[in-house]
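Chemist: Give me a 3D structure for the following:
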Amino acid sequence: QVHPVESGGGLVQAGDSLRLSCTPSGPTFEPYVMGWFRQAPGKEREFVASAHRVSDGSIHYADSVKDRFTISRDSTKIAVSLQMNNLKPDDTATYFCAFATKPTLYWHHTEGYDVWGQGTQVTVSS
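Modeler: Here you go, the predicted model:
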């Protein structure tokens, strides 16, 4: 099965920026929604941002990252990126890219996505 592949994680200091990228592992149809989630040790996986099909154009952010993170969906290929600015230690987590291959109302919840990447680690030191 085709799945998302994340890249771009790393170790940075508070206030720095990182850009995560996500592309499918092989040919696939355009997902209805491409989302980013994160999971810190001992915590549940939480919604970060989502970008809906280009024809829809909807974009959503978690309150904790609004005004610092920007999600972008490439209109010419199946790819999504997450520009993360002014990173904070609380942003430390494994970041997962996910695809919703069917229409969903739960774009803000893990239940809305049926294909997941392996994750990329983001560590922000204070």
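
Chemist: Can you tell me the element the residue nearest to Gly8 when sequence neighbours are not counted falls in?
Modeler: Once flanking residues are discounted, Gly8 sits nearest to Leu20: 4.2 Å by Cβ to Cβ, 6 or more residues apart in numbering. (Each C-beta comes from the backbone N, C-alpha and C, glycine too.) Here Leu20, judged by DSSP states H and E, is contained in strand 18-24.

Chemist: now the strands for this protein?
Modeler: Along the chain, counting by DSSP state E, strands occupy 4-7, 10-13, 18-24, 33-39, 46-52, 59-61, 69-73, 80-84, 93-100, 115-116, 120-125.

Chemist: can I get those strands in JSON lines with mean pLDDT and distance to His108?
Modeler: Shown next, in JSON lines, are the strands of the chain (pLDDT from 0 to 100; distance: least, Cβ to Cβ, whole Å):
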{"stretch": "strand 4-7", "mean pLDDT": "96", "distance to His108": "18"}
{"stretch": "strand 10-13", "mean pLDDT": "98", "distance to His108": "26"}
{"stretch": "strand 18-24", "mean pLDDT": "97", "distance to His108": "18"}
{"stretch": "strand 33-39", "mean pLDDT": "97", "distance to His108": "8"}
{"stretch": "strand 46-52", "mean pLDDT": "97", "distance to His108": "5"}
{"stretch": "strand 59-61", "mean pLDDT": "96", "distance to His108": "7"}
{"stretch": "strand 69-73", "mean pLDDT": "95", "distance to His108": "13"}
{"stretch": "strand 80-84", "mean pLDDT": "97", "distance to His108": "15"}
{"stretch": "strand 93-100", "mean pLDDT": "97", "distance to His108": "11"}
{"stretch": "strand 115-116", "mean pLDDT": "96", "distance to His108": "16"}
{"stretch": "strand 120-125", "mean pLDDT": "98", "distance to His108": "20"}
